[in-house]
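Student: Predicted model follows, preceded by the sequence.
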Amino acid sequence: MHWIDGTALTPSSFGETKDGVWIPKAYSGSYGTNGFYLPFDDSSAIGDDESGNTNDWTVNNLVATDVVPDSPTNNFATYNVLNDTGQTVTYAEGNLAVTASSNWSTNVWRQGSIGVTGGAGGGKYYFEFVTTLQGSGQATGVGVQNSKATASTLYTEGVVYYNTVINANGSSVITGLTNNPASNVLRFAFDASNGKVWIGNSTGWYNSGDPANGTGEVGTIDNYDGSILVPITNRTSTSGTHTFNFGQDSSFAGLKTSGSANGSDDNGIGDFFYAVPNGFLSICSSNLQTPTIIDGTEHFNTVLWTGDAAQTRSLSGLGFQPDFSWLKIRSGTSQDHQLYDSVRGAGSGKNLSSNTTAVEGTVNSYPDGDYGFVSSFDADGFSVDDGAVATTGGYVNYSGRTYVAWNWKAGTTASGSEVGNNPAFSSSSNADAGFSIVSYTGTGSAGTVSHGCGAKPRMIIIKNRDQADNWAVYHAGTASDPETDYMILNLINAVADSPNWWNDTAPTDSVFTVGSDHSVNADGEDYIAYCFADVDGYSKASHYIGNNANNFVYTGFRPAFLMLKKTTRSTTYGWQMYDTSRSPINVALLPGMWADQSVVEAANTYPVNIHSNGFRLTGAGANQNASGVRYVYFAIADQPAKFSNAR
């Protein structure tokens, strides 16, 4: 709390713009005669004024254990209260403690609020845990797991201390342990670059572990996806309280008295019960790696407009020249999606429609020049031409109707000739944002196509431009072997298995493989592919398991665009599309739109809420959250979680 006496300040005294995102900063100015600064960071003097004016405050109903070091410029992890699986729990101590209800009949888990980067470049992190649960027949589990784990896969997708064993990916690796007595403060260290996990207590690290030297880990998480998950179980008539310390409070809200070994991490951050291993950090926003993309709107942006019946019109405000624009009418009559890109070029005869098999340049057999089209890609947006018969069509600018366009930036061009069965191609890519547009000519036999994404594409959408073929979709979230599967963008069909689409070959950092199916690689026919790779803090293509209730999906950023699909056959509509431009606030129903349907925008009975670190499904809709069903999704950020403001 800052109180400035005698001076009216501007917001720039307390915040700044970092790559287009407004973030807080430390104040360094004068407080005047009667001003004060209360950081609340001294547990022995909570009301201490640190402005230099000694205008100290008297403490009322606060004790030393109420003090935590979180601030606007650095927030620590807590329990994620949005990750509610339906069982009753009570949160306390700033969401660091949770009291479990008695006699849970099923596994219950709660997720941490901050995930960390996995894979190459991932950091090393440390946290602590204590529980009041103890005695025979009682159980609690705590550990590090993939964010997509569910109540039924708690111990098969991570490393967990559970009851009297340590379990790694479904197998007991250490047995005969104490059943988590209240006196047992557990410590956890994990390396997000390789998934290694160490677990210890007051006597040291199990398995003679040495986190600082990277040896003696109790287990390695299979397919670690970059998010910690805190599982909690309780199958007894006695409730228990589970308390974490991610660096905020070595006393665990007064449960323990810190020993002399307590300390901070290598960056001088945190208050821990045990000494932090060298090289490991507390889980807080300032310790997170800074993503390469902070302002997602520099690479993806949405534009909304209301038609004014002008024959030609320029639509601006994107902040970049788009290379891929996906348009859809929102109101009025049902009309098809309109997809244009800079590789094929703008203009009449260049549209594709995601909800039909129509060849390039036609929609339901009508030329796009009749009903309107994107006429050019401009420096800050694009221009549209309303076509020859806009009064009866109006795909782009019919009077009084509302429209949306989702837009991606590419811009780095490349091309290559046919080599053997590898198709000739031309492309425009944006490796920083993990996106590319690739036009290629099929060979009829399995071959590879250069994509330019800079990383393995996690989702690829392909359309035959010359024939009325279905839209082919590769998605890394369909199964553990997604290269054997395919999906169809213009249909509600389930995931199907065939070697003819991707030749059972996963994409690499440089190429994707097409098989012999006519939808992806007929000899001499032209195709367009839209490729999307994961970029930490900006984009993610993954999956989640429905739970028929409140279902939080961690992405590591605040989504601006979201697309999801049931992997089994959808009951009505298939590929749902959401964005925060059409629905900028929670808790409102995000208006639904479907890539496989021509229907206009409609309220979704089951809302999807957008949060600073992911999205949340809040109902039992069969097309988005049926219990036990696998769903794939693709999301793009406007802000990474490290800098994201809440919604």
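Tutor: Yes, it's here. Numbers count the residues shown, from 1 in each chain.
Student: quick one: the helices in this protein?
Tutor: Assignment of helices within the chain using DSSP state H yields the ranges 368-371, 499-502, 518-521, 622-625.
Student: would TSV of those helices with mean pLDDT be doable?
Tutor: Formatted as TSV, the helices of the chain follow (pLDDT from 0 to 100):
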stretch	mean pLDDT
helix 368-371	75
helix 499-502	98
helix 518-521	98
helix 622-625	90
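Student: Next, format those helices as a markdown table and append distance to Ala45.
Tutor: Heads up, the C-betas are built off the backbone N, CA and C, glycines and all. Shown next, in a markdown table, are the helices of the chain (distance: least, C-beta to C-beta, whole Å):
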| stretch | distance to Ala45 |
| --- | --- |
| helix 368-371 | 71 |
| helix 499-502 | 64 |
| helix 518-521 | 68 |
| helix 622-625 | 49 |
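Student: out of those, nearest to Thr220?
Tutor: Closest to Thr220 of the helices of the chain, according to C-beta to C-beta: helix 499-502, at 28.5 Å.
Student: returning to what we had before: mind putting the helices of the chain in TSV, mean neighbour count and distance to Gly29 included?
Tutor: Formatted as TSV, the helices of the chain follow (neighbours: other C-beta atoms under 10 Å; distance: least, C-beta to C-beta, whole Å):
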stretch	mean neighbour count	distance to Gly29
helix 368-371	22	58
helix 499-502	20	59
helix 518-521	24	61
helix 622-625	23	49
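Student: Asn213 is nearest to which of those helices?
Tutor: helix 499-502 (41.3 Å).
Student: helices or strands up against that closest one?
Tutor: In terms of contacts (3 or more C-beta pairs under 8 Å, 6 or more residues apart in numbering; DSSP states H and E), helix 499-502 is packed against strand 472-475, strand 511-514, helix 518-521.
Student: that older thread, among the helices of the chain, which is nearest Lys540?
Tutor: Among the helices of the chain, helix 622-625 comes nearest to Lys540, with 17.0 Å by C-beta to C-beta.
Student: Restricting to C-alpha, output that closest one in PDB.
Tutor: C-alpha atoms of helix 622-625 as PDB (Å, rounded to 0.1, in the frame of the first residue of the first chain):
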ATOM      1  CA  ALA A 622     -21.500 -33.400 -24.000                       C
ATOM      2  CA  ASN A 623     -19.600 -31.600 -26.700                       C
ATOM      3  CA  GLN A 624     -17.100 -30.100 -24.400                       C
ATOM      4  CA  ASN A 625     -16.900 -31.800 -20.900                       C
END
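Student: thinking again about what came up before, mind checking which of the helices of the chain is nearest Phe512?
Tutor: Within the helices of the chain, the stretch nearest Phe512 is helix 499-502; the backing value is 7.5 Å (C-beta to C-beta).
Student: ok, and what's touching the closest one?
Tutor: Residues from elsewhere that reach helix 499-502 (C-beta atoms under 8 Å, 6 or more residues apart in numbering): 472, 474, 483-484, 486, 512-517, 519-520.
Student: could you redo the last one with a cut-off of 7 Å?
Tutor: Residues outside helix 499-502 that contact it (C-beta atoms under 7 Å, 6 or more residues apart in numbering) are Ala472, Tyr474, Glu483, Thr484, Tyr486, Thr513, Val514, Gly515, Ser516, Asp517, Val520.
Student: can I get these in JSON lines with distance to Val144?
Tutor: Formatted as JSON lines, the contacts of helix 499-502 follow (distance: C-beta to C-beta, whole Å):
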{"residue": "Ala472", "distance to Val144": "36"}
{"residue": "Tyr474", "distance to Val144": "30"}
{"residue": "Glu483", "distance to Val144": "28"}
{"residue": "Thr484", "distance to Val144": "29"}
{"residue": "Tyr486", "distance to Val144": "33"}
{"residue": "Thr513", "distance to Val144": "34"}
{"residue": "Val514", "distance to Val144": "38"}
{"residue": "Gly515", "distance to Val144": "38"}
{"residue": "Ser516", "distance to Val144": "43"}
{"residue": "Asp517", "distance to Val144": "40"}
{"residue": "Val520", "distance to Val144": "39"}
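Student: quick one, what contacts the residue lying closest to Cys453 once chain neighbours are set aside?
Tutor: Spatial nearest neighbour of Cys453, excluding adjacent residues (C-beta to C-beta, 6 or more residues apart in numbering): Ala533 at 4.2 Å. Residues in contact with Ala533 (C-beta under 7 Å, 6+ apart) are Gly434, Cys453, Gly454, Ala455, Lys456, Pro457, Arg458.
Student: Could you do Ser43 as well?
Tutor: Ala64, Val67 are the contacts of Ser43 under C-beta under 7 Å, 6+ apart.
Student: Asp308 too?
Tutor: Per C-beta under 7 Å, 6+ apart, neighbours of Asp308: Asn397, Ser399.
Student: go with 10 Å
Tutor: Asp308 is in contact with Asp386, Asn397, Tyr398, Ser399, Gly400, counting by C-beta atoms under 10 Å, 6 or more residues apart in numbering.
Student: Apart from its neighbours in sequence, what residue is nearest Ser353?
Tutor: Distances taken as C-beta to C-beta, 6+ apart place Asp336 nearest to Ser353, at 4.1 Å, with adjacent residues excluded.
Student: How many neighbouring residues does the one you found have?
Tutor: Neighbourhood size, Asp336 [other C-beta atoms under 10 Å]: 23.
Student: Equivalent analysis for the one 10 residues further on, please.
Tutor: Taking other C-beta under 10 Å as the criterion, the count of residues near Ala346 is 21.
Student: per-residue confidence for it?
Tutor: According to the prediction, Ala346 has pLDDT 96.
Student: what's the distance between it and Gln248?
Tutor: Distance of Ala346 to Gln248, given as C-beta to C-beta, to the nearest Å: 53 Å.
Student: Identify the bridge partners of the residue nearest to Cys453.
Tutor: Note on Ala533: beta-bridge partners by DSSP bridges are Pro457.
Student: can you list the domains in this protein?
Tutor: As assigned by automatic domain parsing, the chain contains the domains 1-65, 89-287, 296-408, 412-533, 540-640.
Student: so which of those gets nearest Val81?
Tutor: From the domains of the chain, taking C-beta to C-beta, the stretch that ends up closest is domain 89-287, at 5.9 Å.
Student: hang on, the earlier thing: with distance to Leu318 added, can I get the helices and strands packed on helix 499-502 in CSV?
Tutor: CSV is the format used below for these (distance: least, C-beta to C-beta, whole Å):
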stretch, distance to Leu318
strand 472-475, 26
strand 511-514, 28
helix 518-521, 31
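Student: Mind pulling up the pLDDT for the residue nearest to the spatial centre of the chain?
Tutor: Centroid check for the chain by C-alpha atoms, centre = their mean gives Thr555 as the closest residue, at 1.6 Å. What the model reports for Thr555 is a pLDDT of 91.
Student: thinking it is in contact with Leu564, fair?
Tutor: No. In this structure, Thr555 is not within contact of Leu564 by C-beta atoms under 10 Å, at 11.8 Å.
Student: what residues are shared contacts of the two?
Tutor: Phe615, Tyr633, Ala635.
Student: Okay, and which of those map to strands?
Tutor: Counting by DSSP state E, the part of these found in strands is Phe615, Tyr633, Ala635.
Student: Just send those residues back as a markdown table, with neighbour count, pLDDT and distance to Thr356 too.
Tutor: Output for those, formatted as a markdown table (neighbours: other C-beta atoms under 10 Å; pLDDT from 0 to 100; distance: C-beta to C-beta, whole Å):
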| residue | neighbour count | pLDDT | distance to Thr356 |
| --- | --- | --- | --- |
| Phe615 | 23 | 93 | 28 |
| Tyr633 | 22 | 97 | 23 |
| Ala635 | 24 | 97 | 25 |
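Student: Pull up the distance across stretch 419-429, start to finish.
Tutor: For stretch 419-429, the separation between the terminal residues is 21 Å (C-alpha to C-alpha, to the nearest Å).
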